[in-house]
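Enquirer: how would this look folded up:
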Amino acid sequence: MGPQSGAISENSSGGSLLRRKHAIDVRHFLVAAFGVVAASFIVGISLGPVRSIPQTSSSPSHADSIPAIDRTSGWTEMRPSPTPKHAEQRGDAETLGKLLTGGRPPLHLGDMGKLLDGAAGREYHPAGQHLLVDIQGVSGAFLDSEERLAGAMVETILESELSLLSYHCHKLFPKGVSCVGVLLESHISFHTWPDEGVITLDLFTCGGKPLLPAMPIIERLFGVPRSVEEGPGVMFVEGPSKDGVLTKWAHQLRGFRGKEERAKHMLDDQKDLARWVTTKLDYDSKIEVVSVQTPYHQIDVWDNSDVHNGLATRQEMIDGPFPFGDERYLTFNGGPGERLLFVDGIVRLMNETAKTYYEALVHPAMFAHTNPKKVAIVSGGSCGALKEVLMHESVEIVDVIEPDSQLVEISLQYFESICDCSATGAQVCFDDQRANLRYVTPEAFFEKNIDEYDVIIIDDHSFLSEKDSPLPSALVKHILSSLNDEGVITLEAGYVPNVKSPPDHREHRRREELLRLLGENTSAVMVYDEGRVITEFEPRSFLVACNNSDACRRRWYANADEVDQEVKRRFGNAAKDVTYYDGGTQHQYKSASRAWEEIYCHRDPMPEECNYRGLNMENNIVSFEEGFEVRKGSGDAYGIFATNYIVEASYLMAEELAATTLFLSGGLHEEMSTKNSMKSLFDLFNKHGRTEVNMGGVVVDAGLATLIRQSSTKEKANVVRLSYFLPHRPSYSPVFDRYRQTYDVVIVALRDITKGEELVLFCP
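Expert: Model (predicted):
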């Protein structure tokens, strides 16, 4: 019993021991595991990527406490900066002010309720201004110093009178710094490349406070030149620089604004000032020369330079740093750049294209008049139009109507070459004896004017630019009433349209209103384009309107030789100073482009002549060989007879007639009548020629058309010229301008013509 009992007792005891041992091991394991997790959590909290805002960005210990970021790995370790001493004892606003100003009293504290921009109670709208700045050639040491960069950022905000709420800068590996600052108005941020010497920065603010004044501050604080030891860095762009530092910037309006607010804002992207200067980041240099608000206008003068866009001129190659013809001139323009004058945000002058522009504006209208003596220039304070008018020796009086004396002063001071009239006698155009500068508004002047002018030139680029506002019809009518019976008026007609442009009554309401108004109050209106007046986007178009249609069109359609002869007669010695205008140029102006035709034919209702643009290819075209012969008719007179049956509306002998029809301008025809050597030819032209208003001259049939018998009775005729079907020519019609020769040449069958029947032309 004893041993068995003892064994049993041992087993029992052993089983009990095993059970107690298992329970003790689990508890120990859980306690140990929990301790490891807790210890890991505490270590993670203490060493994790969390840090507080430093007490001041200028603290040396702060820069050392920020570890570098390895750009290749994308990970970093970060340690918390110590909390500023006694910060917990200060209020939030005081603490914030101390942190941002290094202990100085804060200049701006955010209310975070209604954000004010200087006008008490004014709320910020969902719109702002964005300044983008790229600077090259900057000191590498400066670009790699978080402390100095943070100081420059804070100082930029203070000098710009903005409100800094907080900022964060981070030192990158191996070099570089990225910073972002939260403003009451929005934000500022930048990134640096020390080895390359480049910093890119953007500043965004909401509200009405102008942001452009911050540019000189940014250039001064962030454009720190590189030292001799650092070298020039990587020069990505060669261009005008200050101490080797080159700055490129752009300013854009962001968000949403109402139509009226956009129209008033000089930097809205619909204004030339924004589109040509402030929003363009590719200019190497943009310098504001003048910005002044006068009682009449906001006037701005800017100098732009872009040495890599545009070829150097011949003179620039002669004066330039490279040998003449060097291939580097293909990518480097060593010229002085362009100077631009903006009036109310609309470009008024460009020194590079001013001469070409004013030749295109002035001379076509001046030569459309037989002998212009008295001229008025509306808004002529910029000199350009006056300079071209004074080249005409026939001119005796020029009244320049310009209300803004400061605009005149700025033109004289900053655009000396444009105001230089030494070629016609006076060093300054306004000093010419024929020029009368009248400081009065156009409305006041023409409302009381009793004089009559031969030519009136409207030199106001904004006249048609406000497309969403109505045309000043009363002013236009007063101006038109100041023209004499032979008077001519001219002005710019805006950007050149293209064939896909919408109708003018939708896209350019003012231009359409003006064309209709001129069509109702003058006898002839012509539009033309000048492709050499290239602006930032498109060339410009112009229009000329005349009171005497016949005389005006005869001169408008004059051949190139006549115009060249007239240029020499009118200009005398000053003819050598003309850049582009001559007979060849006027020949290009004769016919409106197809785009003008398309826009005109989009009118509602569509003008009737738009149905006769070109030949109807569904109609028969009967050549002379296919359907006609020449033989004697009644009275032994030769005539043209049909050899086949010809259906109504067929085109007859189109090629033959086009090849044997001569078009003479009125001036050439008159000149031939005075020369005995051309008398026989003149008699021939008189016999077979006819005056056509569509042509503005004489059309001479020198071929088969001379054999067609004519009748003034429609019932006795069986053929007629295409022009017969057209309505009376309106004052303005690009269709007539483009197809005038076709209308005067093509002959159409009035009815069916039987075989053997003689052709009889109806001539009403």
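Enquirer: where in the stretch 451-600 of the chain is pLDDT low?
Expert: 465-468, 505-507, 534-537 (pLDDT under 70).
Enquirer: Residue 35: how many residues sit nearby?
Expert: 10 (other CB atoms under 10 Å). Where you see a C-beta, it was placed from the backbone N, CA and C, and this is true even at glycine.
Enquirer: Surely it is in a helix?
Expert: Yes. Using DSSP: H, G, I helix; E, B strand; the rest coil, the assignment for residue 35 is a helix.
Enquirer: Adjacent strands (with direction) for the longest strand along the chain?
Expert: Longest strand in the chain by number of residues (criterion: DSSP state E): strand 483-495. Using DSSP bridges, strand 483-495 pairs in its sheet with strand 453-458 (parallel), strand 539-546 (antiparallel).
Enquirer: Give me the contact list for the longest one.
Expert: Contacts made with strand 539-546 from outside it, assessed by CB atoms under 8 Å, 6 or more residues apart in numbering, are listed as 357, 360-361, 364-365, 368, 486-497, 515, 518, 522-533, 552-553, 556, 596, 731.
Enquirer: same thing but 6 Å
Expert: Identification of contacts with strand 539-546 by CB atoms under 6 Å, 6 or more residues apart in numbering yields 360-361, 364-365, 368, 488-490, 492-493, 496, 518, 522, 524-531, 533, 552.
Enquirer: May I see the buried residues of it?
Expert: 540, 541, 542, 543, 544, 545, 546 (16 or more other CB atoms under 10 Å).
Enquirer: Out of those residues, the closest to residue 759 would be?
Expert: Nearest to residue 759 among the buried residues of strand 539-546: residue 546, at 37.2 Å, using CB to CB.
Enquirer: what about the closest residue to the closest one other than its chain neighbours, is that helix, strand or coil?
Expert: Nearest residue to residue 546, sequence neighbours excluded (CB to CB, 6 or more residues apart in numbering): residue 552, at 3.3 Å. For residue 552, the assignment made with three-state DSSP gives helix.
Enquirer: My read is that residue 552 contacts residue 524, right?
Expert: Yes. Residue 552 is in contact with residue 524 according to CB atoms under 6 Å; the separation is 4.9 Å.
Enquirer: So what does residue 188 have for phi and psi?
Expert: Backbone torsions for residue 188, taken as degrees, to the nearest 10, come to phi -140, psi 140.
Enquirer: returning to what we had before: gap between the residue nearest to residue 546 and residue 423?
Expert: Relative to residue 423, residue 552 is positioned 28 Å away (CB to CB, to the nearest Å).
Enquirer: before we move on, the earlier item: reformat the strands paired with strand 483-495 as a markdown table; add distance to residue 255.
Expert: Compiled in a markdown table, these are given as follows (distance: least, CB to CB, whole Å):
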| stretch | distance to residue 255 |
| --- | --- |
| strand 453-458 | 36 |
| strand 539-546 | 32 |
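Enquirer: sec struct for the closest residue to residue 616 other than its chain neighbours, please.
Expert: Excluding the flanking residues, the one nearest residue 616 by CB to CB, 6+ apart is residue 649, at 7.8 Å. Three-state assignment for residue 649 (three-state DSSP): coil.
Enquirer: burial count for residue 649?
Expert: 15.
Enquirer: give me the element residue 253 is part of.
Expert: strand 246-255 (DSSP states H and E).
Enquirer: List the neighbouring strands of that strand plus their orientation.
Expert: In the sheet, strand 246-255 lines up with strand 127-136 (antiparallel) (DSSP bridges).
Enquirer: Distance from the partner strand to the middle of the chain?
Expert: Remark: strand 127-136 is offset 21 Å from the chain centroid, using CA atoms, centre = their mean, to the nearest Å.
Enquirer: Buried ones in the next helix-or-strand element following that strand, by neighbour count?
Expert: Moving toward the C-terminus from strand 127-136, the next helix or strand (DSSP H and E) is helix 140-143. Neighbour counts over helix 140-143 (16+ other CB under 10 Å) mark 140, 142, 143 as buried.
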